[in-house]
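1. Any chance you can model this:
(2 chains)
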Amino acid sequence: MNHQLYWLAESASDAVLATEDETREFISKITTGKIAQGIFILLAAYLTLKILDKLIIWISERIARQWRLKVKQFLPFLRMLILTVTTIILMNLFLNLSRENILAVTGTVAVALGFAFKDYVSSIIAGIVGLFESPYRVGDRVKIGEHYGEVVNYGLRSVKIQTPDDNLITIPHNKIWTEAISNANTGALEAQVVTEFYFAHEIDVNLVKKILYRVAQTSKYTALKLPIVVVMEEKPWGSLFKLRSYPLDARDEFIYKTDLTTRAKQAFAKHQLTYPRLSIMGNGE
Amino acid sequence: MSENEPEELQKCLEPIIDQFHITFELPNIDKQLLDNDKDNQTHYFDRLASISQGVSTVAIEGFLRSIRQCQTEVEDSSEKKLIAQMPNLPELPALELADQYLLYSLLLHGDLTIAALAESLADEESEVQAIVQVLLRKGVVKQQERFLTINPIYYFKLKQELASNNFLIDKQ
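-> Numbering: from 1, shown residues only, chains lettered A, B, ... in the order given. Okay, here's the model as predicted:
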């Protein structure tokens, strides 16, 4: 019995020693020089990312508008490249990356991450997939969940959206697995703007259509290369008109809508066109 | 805007050149080597017709901008002379988005008063007035009495700038 216990204790001690040796073999000798080198690499990568961010945004805002989005969309790829290169350099510095070691570390890291950083890793993978699938790109106007705005930053884990009220919203990339993403311009400079107008049933439809076309054609914001369409629909409470047109720059969306509405209302007032009345709406419902 | 050949431009500007005794600068060395049989004045008007694409208003503006006053020493006395340097189109100053909308409207209509410009842009007159002041100072817009026009020297570069900023521009 004693002999068996001694044998068990010895084999456990051998196993511990073997693991220690493997770990020592896997992690290369850490010296002060290596730590300093690592810190320097991290700092250099951080500074490069910051400079790159500022530089690309600066350039894209100064060149011709037609190139703005194309330049901005280049940024996430550059960021990903720098992060990958930095990770490889750091791993080379601190780890002995033999074929067996890589297999061992991948398995261990996968299990650890699976439990501890599931959402984080899911977001990073979604970010990489998103680079190629492009549900949104920098400069696009998107709606993710309840949030609508312009994509101003495409990070490793999340995307930053600037709302029309100038709020900055951070949304993790893993939303692309589950949420529907509505993209208004998908890389183009123009995004269709739909402006709605409401009238009483008895109005002159042709006159309203004429005014709406004229209003869109004469707006300084309208992209005249793209179609202008007026559609209408009858509702129980009145007539609904939709003016579909494109601003020169998707960023002008709200100011464009305001311009169209203001000038259209001036014309409607001049022609005394009637709006749906509250009593009619009540009866209709 | 009418289109002109170098000879026509020269003929049109000759009275001014004679009256003010304007002389012409030497062209750059490659031009001298390529067309060594041509005199300075011919080189000058070839260049003027080329940069103005034969458009008379652009050519006149280019001509006026190319003239410099020089002081030359003749024996004991100094003499002031007018020299026409090789003409060039200047770079377009940096333009804001609001400037581009205003300039596009001016380009479409040719010449406009501030009130008419404000109406075409559906903006307040005071707002338009402020932008116009900045553009007048930059030299992109010219004012003759109440009418505003695009400075012809910037005509081609402005068209190019607006076209690359998504405005509907005839490339011809």
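
2. What's the mean pLDDT across the strand or helix carrying A:W58?
-> Here A:W58 sits within helix A:32-62, counting by DSSP states H and E. When pLDDT is averaged along helix A:32-62, the result is 89.

3. Could you do stretch A:228-247 as well?
-> Confidence over stretch A:228-247 (mean pLDDT, whole number) is 94.

4. Give me the buried stretch members for that stretch, please.
-> Buried residues in stretch A:228-247, counting neighbours by 16 or more other CB atoms under 10 Å in any protein chain shown, are found at A:I228, A:V230, A:W237, A:G238, A:S239, A:F241, A:L243, A:R244, A:S245, A:Y246, A:P247. Backbone N, C-alpha and C define where each C-beta goes, glycine included.

5. interface residues of chain B facing chain A?
-> B:97, B:101, B:104-105, B:120-122, B:161, B:164-168 (CB under 8 Å from any CB of the partner chain).

6. I would like a PyMOL command selecting only the buried ones among these, please.
-> Command for PyMOL that selects the buried part of these, burial taken from 16+ other CB under 10 Å:
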select buried, chain B and resi 101+104+105+120+121+122+161+165+166+167
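
7. Between which two of the residues of chain B next to chain A is the distance greatest?
-> Largest separation among the residues of chain B next to chain A by CB to CB: B:A122 and B:S164, giving 24.7 Å.

8. Low-confidence regions, chain A specifically.
-> Along chain A, the parts satisfying pLDDT under 70 run over A:1-28, A:278-285.

9. before we move on, back to that, show me how far the helix holding A:W58 is from its chain's centre.
-> A distance of 22 Å separates the C-alpha centroid of helix A:32-62 from that of its chain, computed with CA atoms, centre = their mean, to the nearest Å.

10. for stretch A:214-225, same thing?
-> 29 Å.

11. For that stretch, which outside residues touch it?
-> Contact partners of stretch A:214-225, identified using CB atoms under 8 Å, 6 or more residues apart in numbering or on different chains, comprise A:190, A:228, A:243, A:245-249, A:252, A:255-256, A:259-260, A:263-264, A:267, B:101, B:104-105, B:120-122, B:166, B:168.

12. Tell me which of those residues fall in helices.
-> Using DSSP state H, the members of those that fall within helices are A:I255, A:Y256, A:D259, A:L260, A:R263, A:A264, A:A267, B:Y101, B:Y104, B:S105, B:S120, B:L121.

13. Which positions in the helix or strand hosting B:I17 come out as buried?
-> Assigned by DSSP H and E, B:I17 belongs to helix B:6-19. Neighbour-count burial for helix B:6-19 flags B:P6, B:E8, B:L9, B:Q10, B:L13, B:I17 (criterion: 16+ other CB under 10 Å).

14. and whichever residue of chain B sits closest to chain A, what does it touch?
-> Closest contact between chain B and chain A, by CB to the nearest CB, is at B:S164 (3.6 Å). Remark: with contacts taken as CB under 8 Å, 6+ apart, B:S164 is in contact with A:A64, A:R65, A:Q66, A:W67.

15. May I see the residues you listed arranged in TSV, with secondary structure as well?
-> Compiled in TSV, the contacts of B:S164 are given as follows (DSSP: H, G, I helix; E, B strand; the rest coil):
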residue	secondary structure
A:A64	coil
A:R65	helix
A:Q66	helix
A:W67	helix
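
16. who wins for neighbours among the residues you listed?
-> When neighbours are taken as other CB atoms under 10 Å in any protein chain shown, the top entry among the contacts of B:S164 is A:R65 (19 neighbours).

17. so how far is chain B from that residue?
-> The spacing between A:R65 and chain B, counted by CB to the nearest CB, to the nearest Å, is 4 Å.

18. Spell out which residues of the stretch 101-250 of chain A are next to chain B.
-> Contacts of the stretch 101-250 of chain A with chain B, taken as CB under 8 Å from any CB, map to A:L189, A:E190, A:T218, A:S219, A:K220, A:Y221, A:A223, A:L224, A:K225, A:L248, A:D249.

19. Generate a PyMOL selection restricted to the buried entries among the residues you listed.
-> Typed into PyMOL, the next command selects the buried ones out of these (criterion: 16+ other CB under 10 Å):
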select buried, chain A and resi 189+190+219+220+221+223+248+249
